[in-house]
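Participant: compute the structure for the input listed below.
(chains A and B)
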Amino acid sequence: MSPDPDSELKQALARLLLAMADDELVLGHRDSEWTGHAPILEEDIAFSNIAQDELGHAIAWYGLLGELTGDEPNELVYFRDHEGYRNVVLVELPNDDWAFSMMRQYLFDAFEMVKLSKLIESLYRPVAEAAAKIRIEEMYHYRHTSNWIKRLGLGTEESNRRLQGAADTLWPYTSQLFVPLPGEEALLQAGYVASSGELHRLWNDLVMPFLEGAGLLIPSDKSVFATRRSQHTDHLKVLLADLQAVARMYPDAQW
Amino acid sequence: MNDTQWPRFEVFQQDQDGRPHQNAGSVHAPDGEIALQYARDVFVRRPQCISMWVVPAEAIFAKTAQELEAEPLWQESTSESRTAVETYYVFQKVSQRRSMTYVRHVGQVEATSPVQALQRALGRYGHSESYVWWVCPETAIVKSNMDDVQSMFAPSLDKTYRMPQEYRVMREMLEATSEQMKTEEE
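Facilitator: Residues are numbered from 1 along each chain as shown, chains lettered A, B, ... in the order given. Below you'll find the predicted structure:
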């Protein structure tokens, strides 16, 4: 069943799709910054692979959004300013060391795993179908990042220290993943999504025992970064300047 | 100086049911589990694949046909200790025609050592076009399992955006190149 045009439900669905697409696009771009710079050739290829998958998922969500609203994906990606982006700050923070990027990717992959495991049951068929496809790739991402978190967490004194530092820095930002989008109530009633609260519980149940098993402490900083997704750091401006430069220089070019 | 390189693993890939696992190349990895993941990332980005094996290079006993001719196996200083019999996988290069084709899996033998395994393999699988032999104990092989097929291999099939032909710029470049080649031939 499709929502009535201009209904509260349709607007809420559009917000959800935009948020999911923007998260994937911005994280995919951050990951792609490692291409050619990762610590070892095989990991360079593996992480670039993940970056490309995330961009592929962004394309899928922007595509569904376009079907719903008529928005053109290229227009949304290349000609929208940072104020219009709805990604979480977690994915726009600049890369630091390898442990930081691996921990961020792990925390986000875990979010994707719980989110997609619910979205495959969405009563909005196009979302359920896309989620089923994307989830298969995310299972592989989760396997990759969780295997590395284990090895770095249980590895040397230095690898544990760096990974713990990354977890401590990133932890407060994860709470923004679970801030309900405006109109979530309508999506819940239509059976389109699970509640943000439920996703947060599932995520905690997955991530906390796993990190502890990897020799890490659950960060004690309980401060919560729970602003709306319209709030961004200046890091996103810099990222978008890079991402959008060529398209804006040649707006009529066909690729 | 310490060698900081991770150990090398040889990668074997099976394209479809009924086809042998073929050597695809190698990856460096800290352990077999990560090696299997890297093997997938490096070698299965586009082509079809239903199963993969990785083997630490140091677990492989390798001989070329020339080496065997110059120095038959019985001359190897083997200490045929009374170790238990175990299963060895046998790989063989059987064609000089295609440069991309290296050794492929031909079968298993039971043996107490790599040398004995190769001796038995020569008897069972040897023929005039056996150019290279590899044997390794089955216990050294890390295999993908059936559950991996979906998440490791299936997605690569429909990622058309990874193909250069997916992009207009590339299509036009390819067309222009083939036009140019035609003109030059004429």
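Participant: host element of A:Leu216?
Facilitator: Of the helices and strands defined by DSSP states H and E, none includes A:Leu216.
Participant: dihedrals phi and psi, it?
Facilitator: Here is the backbone geometry of A:Leu216 (degrees, to the nearest 10): phi -110, psi 150.
Participant: correct me if wrong: it contacts A:Ala167.
Facilitator: Yes. Taking CB atoms under 8 Å as the definition, A:Leu216 is a contact partner of A:Ala167 at 5.8 Å. In short, each C-beta sits where N, CA and C put it, glycine included.
Participant: out of these two, which sits in the more crowded spot?
Facilitator: Ranked by neighbour count (other CB atoms under 10 Å in any protein chain shown), A:Leu216 and A:Ala167 place A:Ala167 first, with 26 against 22.
Participant: you'd agree A:Arg80 is in a strand?
Facilitator: No. Checked against DSSP: H, G, I helix; E, B strand; the rest coil, A:Arg80 lies outside a strand; its state is coil.
Participant: so it versus A:Glu121, what's the distance?
Facilitator: Remark: distance between A:Arg80 and A:Glu121 (CB to CB, to the nearest Å) = 31 Å.
Participant: more neighbours, the two?
Facilitator: When neighbours are counted by other CB under 10 Å, A:Arg80 comes out ahead of the other of A:Arg80 and A:Glu121, with 16 against 13.
Participant: quick check, pLDDT for that one.
Facilitator: We have a pLDDT of 96 for A:Arg80.
Participant: which pLDDT does the model give the residue of the stretch 51-200 of chain A found nearest chain B?
Facilitator: In the stretch 51-200 of chain A, no residue comes nearer to chain B than A:Met139, which is 4.2 Å away by CB to the nearest CB. pLDDT for A:Met139: 93.
Participant: B:Ser99 too?
Facilitator: We have a pLDDT of 62 for B:Ser99.
Participant: and the one 5 residues further on, by the same measure?
Facilitator: The predicted local distance difference test score for B:Arg104 is 93.
Participant: now it: how far from B:Gln92?
Facilitator: Using CB to CB, B:Arg104 is found at 7 Å from B:Gln92.
Participant: which residue is the nearest non-sequential neighbour of the residue of the stretch 51-200 of chain A closest to chain B?
Facilitator: Nearest residue to A:Met139, sequence neighbours excluded (CB to CB, 6 or more residues apart in numbering or on different chains): B:Ser151, at 4.2 Å.
Participant: and B:Tyr88, by the same measure?
Facilitator: Excluding the flanking residues, the one nearest B:Tyr88 by CB to CB, 6+ apart is B:Ala117, at 3.7 Å.
Participant: do B:Trp6 as well
Facilitator: B:His28 (4.2 Å).
Participant: could you give the bridge partners of the one you found?
Facilitator: Beta bridges link B:His28 to B:Arg8, judged by DSSP bridges.
Participant: wait, it sits on A:Pro39?
Facilitator: No. At 11.7 Å, B:His28 does not count as touching A:Pro39 under the criterion of CB under 8 Å.
Participant: ok, those two, which is more surrounded?
Facilitator: Neighbours were tallied for B:His28 and for A:Pro39 using other CB under 10 Å; the higher tally belongs to B:His28 (17 against 11).
Participant: and the more buried one, what pLDDT?
Facilitator: For B:His28, pLDDT reads 96.
Participant: ok, now B:Gln75?
Facilitator: At B:Gln75, pLDDT is 55.
Participant: phi, psi of residue 140?
Facilitator: Defaulting to chain A. Torsion angles at A:Tyr140 (phi, psi; degrees, to the nearest 10) stand at phi -70, psi -40.
Participant: let me rephrase: I mean chain B.
Facilitator: As for B:Ala140, its main-chain torsions (degrees, to the nearest 10) stand at phi -80, psi -10.
Participant: how near is the closest residue to it other than its chain neighbours to B:Arg40?
Facilitator: Spatial nearest neighbour of B:Ala140, excluding adjacent residues (CB to CB, 6+ apart): B:Ala59 at 3.7 Å. According to CB to CB, B:Ala59 stands 20 Å off from B:Arg40.
Participant: how about low-confidence regions in the chain?
Facilitator: Assuming you mean chain A. Counting by pLDDT under 70, chain A contains low-confidence ranges at A:1-6.
Participant: switch to chain B, that's the one I care about
Facilitator: Using pLDDT under 70, chain B drops low at B:1-3, B:45-47, B:74-82, B:98-101, B:155-158.
Participant: what about the helices in it?
Facilitator: Under the criterion DSSP state H, helices of chain B are mapped to B:32-43, B:65-70, B:114-125, B:146-148, B:168-185.
Participant: now for the residue nearest the centre of chain B: which residues touch it?
Facilitator: Taking CA atoms, centre = their mean, the centroid of chain B lies closest to B:Asn23, which sits 1.4 Å from it. B:Asn23 makes contact with B:Glu10, B:Val11, B:Phe12, B:Phe91, B:Tyr102, B:Val103, B:Arg104, B:Trp134 under the criterion CB atoms under 8 Å, 6 or more residues apart in numbering or on different chains.
Participant: what about 6 Å?
Facilitator: Contact analysis of B:Asn23 by CB atoms under 6 Å, 6 or more residues apart in numbering or on different chains lists B:Phe12, B:Tyr102, B:Val103.
Participant: what's the spacing between the nearest residue to B:Val85 once chain neighbours are set aside and chain A?
Facilitator: Take B:Val85 and drop its neighbours on the chain: the residue closest to it by CB to CB, 6+ apart is B:Glu110, 5.1 Å away. Computed as CB to the nearest CB, to the nearest Å, the B:Glu110 to chain A distance reads 34 Å.
Participant: for B:Gln116, see how far away B:Glu110 is.
Facilitator: 9 Å.
Participant: again with A:Glu24
Facilitator: Distance from A:Glu24 to B:Gln116, counting by CB to CB: 54 Å.
Participant: which one of these two has more residues nearby?
Facilitator: Neighbour totals were compared for A:Glu24 and B:Gln116, and A:Glu24 leads with 25 against 19 (other CB under 10 Å).
Participant: the more buried one falls within a helix, correct?
Facilitator: Yes. Looking at A:Glu24 with three-state DSSP, it is inside a helix.
Participant: for the residue nearest to B:Tyr88, list the residues it contacts.
Facilitator: Taking CB under 6 Å, 6+ apart as the test, what B:Ala117 contacts is B:Tyr88, B:Val109, B:Ala111, B:Val135.
Participant: for the third one, which residues count as its bridge partners?
Facilitator: Translated: B:Ala111. Going by DSSP bridges, B:Ala111 forms beta bridges with B:Glu86.
Participant: which ones are touching it?
Facilitator: B:Ala111 makes contacts with B:Tyr88, B:Ala117, B:Arg120, as judged by CB under 6 Å, 6+ apart.
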